[in-house]
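> Give me a 3D structure for the following:
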Amino acid sequence: MDRVIDRTATDGAVLDRTESDGVLGRSLLCSPLSTHLRETERARYVAWNKKRGVTCIHGGPDTYTPSGSYRAFAVATDTRLLFVVGGDGSDGDRVFSLPYSDVLTVETTANFLASTLELVAEGKQRWQFACRGDLDPVAGYVDEAVQCWTRAETLFDRADDRVCEARNAVEDGRLDTAVEALDAAETHLADARDHLGELGPGAVARGTAAADDIEHDAADTRGRLAATRGARAHESARTAWDDGEYAAAYDAYERAREAYQRARSLGVSDLPLEERLATVDGECEQLARAPIERAREAADAARAADDEQATIEHWETALERYRTALALDWGRDRRFDGDPEQLRTAVTDTATAVVDARRRVAQDRLDLSDWLAKSGDEEGARAALREARDHFERAHEVAAELVPDRRDRTTEDMASVAERVARLDADRGASDTEV
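Down below sits the predicted model:
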């Protein structure tokens, strides 16, 4: 068996053996190397020696040598350097694991008998493994793996920093900054996985485990970001509702619902998301009824008013609200209660009420103008005519747009005002006098 085996160029038998080849096979290990590998871990190089074992220098040197005919192995996997020293004691083989993330430097030295792989690890530990094969390829691979892990860990640290930045931004209400930081964190994590993917599935699996806490924090931060967006949309919905912008309010409620649901799906558990969702649903149900209910409230107030000006104002408010309700989306996916045909009838009826109320008040002002003119109060008569004209003009505008069968009457009404003005002018002898 070769002293240094490139696992990419041979089969996996070496990992499953406990004895060497040949008639006089010798024991290699108590347990196969494969039993010491994690499920996804992949071995790239395997090197062995007979008696020199492995040495760890930390203060004083400690050398672990195989007993009897057993051997010592160094296995470079995609996540670590594994030393397995065969033994026949009660504890079986001795196993030492050196993750690449702990390795600071790697090099080889050689003489005419053997080459030695030397590594310096965290804590100033120095590991030495001698072999009569060429360990340069092993050292090259380990060095590459160490650099790969270093780059990955740097990216993990950057990702963690950006998640912290995003969390602070959410707390400060800087949501765009939070989104940018979280996106950057995801990019760093993806890049780290790409680097580890160059080594193998074991490296990816270990890197994923290392990134779990970061990803958990990122998901929690995205959840809180979504919850904050939901709260803002919820407030926007209420403001739009108060302003009578029902479609905008409904859109905002939908955004709030989606944001709260996303926060819930991302595992945010310390916020009352279910309560907020229930509130949104309840307010949406009320919003669906609001356009017609508010219009009916104004119409009822107009009928109950005993002041002519209040009656006009309530009818015009009701007309505006019915028209607003009619202008809402009445497609297949209806958001609001009501029937379009009934609303059109309500608009016509309310417009008629506006026209009639204006005409009644205007007629009262005409009668007052006639009485004042007969009493010799020309200025008072003209003031009453101005009020009458304003009411007739408004009635005519509404009739022309919404109640065509009232348009002729309002035209006649405005003509009657003009006649009275002309009469006053004639009596005064000033044909160019304006009301």
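
> now the strands for this structure?
4-6, 43-49, 54-58, 60-64, 72-77, 80-85, 94-99, 103-110, 115-121, 125-131 (DSSP state E).

> which sections of the protein are below the confidence cut-off?
1, 8-13, 20-25, 88-91, 329-334, 429-435 (pLDDT under 70).

> before we move on, the earlier item: just name the most buried of the strands of the chain.
strand 72-77 (a mean of 26; mean count of other C-beta atoms under 10 Å). To be clear about C-beta, it is placed using only N, CA and C from the backbone, and glycine gets the same treatment.

> So in that sheet, which strands flank that strand, and in what orientation?
strand 43-49 (antiparallel), strand 80-85 (antiparallel) (DSSP bridges).

> Could you give the separation of the lengthiest helix in the chain from the chain centroid?
As assigned by DSSP state H, the longest helix anywhere in the chain is helix 201-242. Relative to its parent chain, helix 201-242 has a centroid offset of 6 Å by C-alpha atoms, centre = their mean, to the nearest Å.

> for it, packing partners?
Under the contact definition 3 or more C-beta pairs under 8 Å, 6 or more residues apart in numbering; DSSP states H and E, helix 201-242 sits against helix 136-172, helix 175-197, helix 246-265, helix 273-304.

> Relative to Lys374, which of the ones you listed is closest?
helix 273-304 (33.6 Å; C-beta to C-beta).

> how about the closest one: buried residues?
273, 276-277, 280, 283-284, 287-288, 290-292, 294-295, 298-299, 301-302 (16 or more other C-beta atoms under 10 Å).

> swap in stretch 205-217?
For stretch 205-217, by 16+ other C-beta under 10 Å, it's Ala205, Arg206, Gly207, Ala210, Ala211, Ile214, Asp217.

> Contact partners for the first one?
The neighbourhood of Ala205, defined by C-beta atoms under 8 Å, 6 or more residues apart in numbering, consists of Arg38, Glu39, Thr40, Glu41.

> Next: the fifth one.
With contacts defined as C-beta under 8 Å, 6+ apart, the neighbours of Ala211 are Phe156, Ala159, Leu189, Ala192, Arg193.

> Check these and tell me the two furthest apart.
Ala159 and Arg193, at 10.8 Å, using C-beta to C-beta across the contacts of Ala211.

> Between these two, which has more neighbouring residues?
Here Ala159 and Arg193 are compared on neighbour count by other C-beta atoms under 10 Å; more neighbours surround Ala159, at 26 against 17.

> ok, so what distance separates the more buried one from His188?
According to C-beta to C-beta, to the nearest Å, Ala159 and His188 sit 4 Å apart.

> follow-up on the earlier one: reformat the strands of the chain as JSON lines; add distance to Ala351.
Formatted as JSON lines, these follow (distance: least, C-beta to C-beta, whole Å):
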{"stretch": "strand 4-6", "distance to Ala351": "91"}
{"stretch": "strand 43-49", "distance to Ala351": "85"}
{"stretch": "strand 54-58", "distance to Ala351": "95"}
{"stretch": "strand 60-64", "distance to Ala351": "99"}
{"stretch": "strand 72-77", "distance to Ala351": "84"}
{"stretch": "strand 80-85", "distance to Ala351": "83"}
{"stretch": "strand 94-99", "distance to Ala351": "81"}
{"stretch": "strand 103-110", "distance to Ala351": "85"}
{"stretch": "strand 115-121", "distance to Ala351": "88"}
{"stretch": "strand 125-131", "distance to Ala351": "91"}
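
> Asp356 is nearest to which of those?
Once these are compared by C-beta to C-beta, strand 94-99 is nearest, at 89.4 Å.

> What pairs with that closest one, parallel or antiparallel?
Partners of strand 94-99, by DSSP bridges, with direction: strand 80-85 (antiparallel).

> Who are the contact partners of Arg407?
His396, Ala399, Ala400.

> same check, this time on Gln286
Counting by C-beta under 8 Å, 6+ apart, Gln286 has no contacts.

> What segments of the stretch 301-435 of the chain are helices?
308-326, 340-374, 378-402, 407-428 (DSSP state H, counting those that start in this stretch).

> Can I get those helices in TSV including distance to Arg126?
Shown next, in TSV, are those (distance: least, C-beta to C-beta, whole Å):
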stretch	distance to Arg126
helix 308-326	82
helix 340-374	85
helix 378-402	94
helix 407-428	103
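
> I'd like to know which of those is closest to Ser115.
helix 308-326 (87.2 Å).

> Just the CA trace of the closest one, in PDB.
Backbone C-alpha positions of helix 308-326 (Å, rounded to 0.1, in the frame of the first residue of the first chain) are rendered in PDB as follows:
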ATOM      1  CA  GLU A 308     -82.100  74.300   5.800                       C
ATOM      2  CA  GLN A 309     -78.400  74.800   5.400                       C
ATOM      3  CA  ALA A 310     -77.600  71.700   7.500                       C
ATOM      4  CA  THR A 311     -80.000  69.700   5.300                       C
ATOM      5  CA  ILE A 312     -78.200  70.800   2.200                       C
ATOM      6  CA  GLU A 313     -74.700  70.100   3.600                       C
ATOM      7  CA  HIS A 314     -75.800  66.600   4.700                       C
ATOM      8  CA  TRP A 315     -77.400  65.800   1.400                       C
ATOM      9  CA  GLU A 316     -74.300  66.900  -0.500                       C
ATOM     10  CA  THR A 317     -72.100  64.900   1.900                       C
ATOM     11  CA  ALA A 318     -74.300  61.800   1.200                       C
ATOM     12  CA  LEU A 319     -74.000  62.400  -2.500                       C
ATOM     13  CA  GLU A 320     -70.200  62.600  -2.400                       C
ATOM     14  CA  ARG A 321     -70.100  59.400  -0.300                       C
ATOM     15  CA  TYR A 322     -72.500  57.500  -2.600                       C
ATOM     16  CA  ARG A 323     -70.400  58.500  -5.600                       C
ATOM     17  CA  THR A 324     -67.300  57.400  -3.900                       C
ATOM     18  CA  ALA A 325     -68.800  54.100  -3.100                       C
ATOM     19  CA  LEU A 326     -70.000  53.700  -6.700                       C
END
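
> quick one on the thing from earlier: any chance of TSV for the contacts of Ala211, columns distance to Ile5?
Output for the contacts of Ala211, formatted as TSV (distance: C-beta to C-beta, whole Å):
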residue	distance to Ile5
Phe156	32
Ala159	37
Leu189	34
Ala192	30
Arg193	28
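
> ok so, going back, mind checking which of the helices of the stretch 301-435 of the chain is nearest Leu81?
helix 308-326 (74.5 Å).
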